[in-house]
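Chemist: Can you look at this prediction? I've put the sequence above it.
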Amino acid sequence: MDVRVGDWLRGVRLPACLLAVFMPAAAAAQDAFPNRLGSGVPSPSITAPAFPTGPAEAEASLSLSAILAGIGEPLRTGLAWRIYDDRGDGSRPSIVARSTDPEPSFRLAPGPYVATVTYGFASASKRITMAGQAQTDTLRVSAGALKLSGAVGDQKIAPAQLAFSVFVPVGTNSEGRLVRSGVKAGELIRLPEGTYHVVSTYGESNAIQRADLKVENGKVTDATLNHRAATVTLKLVATPGAEAFAGTAFSVLTPGGDTIREAIGAFPQVTLAEGDYVLIARHDGQVYTREFKVESGMDRDIEVVAKGA
């Protein structure tokens, strides 16, 4: 039987007895010259060259302190520091470090930053560029402080009975922008220098005083607001000087009928600005009234006699 063996023996016909001789040689020849597009050739691979990496830029320390502008007095307490990254692209900066130490030290990578310090309601900021070397810098804060109290005549008002609100005037509006409310007597309020409008409330009614106060850089403005008011004790009695009826509902009105204060009890106390008032007492379905006058500094009892009780 004749057999056709390989392309390289094309046209040559061999007897079957020679097939065993030439077959291994043909297979070897095929292995030696593989098909360039066949699966026997592995896909070439490309490896990126390995370049040596340089050393990372080292962090360095930034030491900061704060002083009062003008007088140069160091600030040791009440400081809050923040370090922001300065991207320079108009996006909102992010905080990278913070501290409440008087003279903090931060470890920062090279790059631009903004350092800010807050002293009460006053603050200062500065752009700083780190370049891998330690730096020291000082921020100057323009600030003073307010310390408030109240009095009636020569008599100081207990701090627990006072509350202050501090405003920044805007145009003709003295209460244009609220800086802080609920300020306690004797509390030190750190503020940028400028003029502030202060509202003092004595008690919980209409005893209110106002003042415009100037805060100067490096100074504490200690101000006492003088109230013209008094504290009265309300009572409903059967006869003058008798025991007060418990559970009485009282209303204090202006002569024009505006309600100033309401209270319930046997003898509630109310602090009122000096002036004329109308007192209404309600008890057991009955209503009793009287007029009375408040004089500054004259604390006293105001009795309503329940006629016919």
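Modeler: Sure, I can see it.
Chemist: for residue 111, what are its contacts?
Modeler: Contacts were defined as Cβ atoms under 8 Å, 6 or more residues apart in numbering; by that measure residue 111 touches 85, 86, 129, 130. Quick note: C-beta positions are derived from backbone N, CA and C, even for glycine.
Chemist: quick one, phi/psi of it?
Modeler: For residue 111, the backbone dihedrals (degrees, to the nearest 10) come out as phi 150, psi 170.
Chemist: burial count for residue 176?
Modeler: 12 (other Cβ atoms under 10 Å).
Chemist: should've said residue 283
Modeler: Here the number of neighbours of residue 283 (other Cβ under 10 Å) works out to 17.
Chemist: Could I get the phi/psi values of it?
Modeler: When read as degrees, to the nearest 10, the backbone of residue 283 gives phi -160, psi 130.
Chemist: So what pairs up with it in the strands?
Modeler: Here residue 283 sits in beta bridges with residue 286, as judged by DSSP bridges.
Chemist: Hmm, it is touching residue 244, no?
Modeler: No: under the criterion of Cβ atoms under 8 Å, residue 283 is not in contact with residue 244, lying 10.0 Å apart.
Chemist: So, low pLDDT: which residues of this structure?
Modeler: 1-57, 308-309 (pLDDT under 70).
Chemist: for it, which strand is longest?
Modeler: Counting by DSSP state E, the longest strand found in the chain is strand 173-183.
Chemist: overlap in contacts of residue 283 and residue 244?
Modeler: Contact criterion Cβ under 8 Å, 6+ apart; residues shared by residue 283 and residue 244: residue 236.
Chemist: beta partners of the residue lying closest to residue 80 once chain neighbours are set aside?
Modeler: Of all residues beyond its chain neighbours, the one nearest residue 80 is residue 118 (4.4 Å), with distances taken as Cβ to Cβ, 6 or more residues apart in numbering. In this structure, residue 118 has the following beta-bridge partners (DSSP bridges): residue 80, residue 123.
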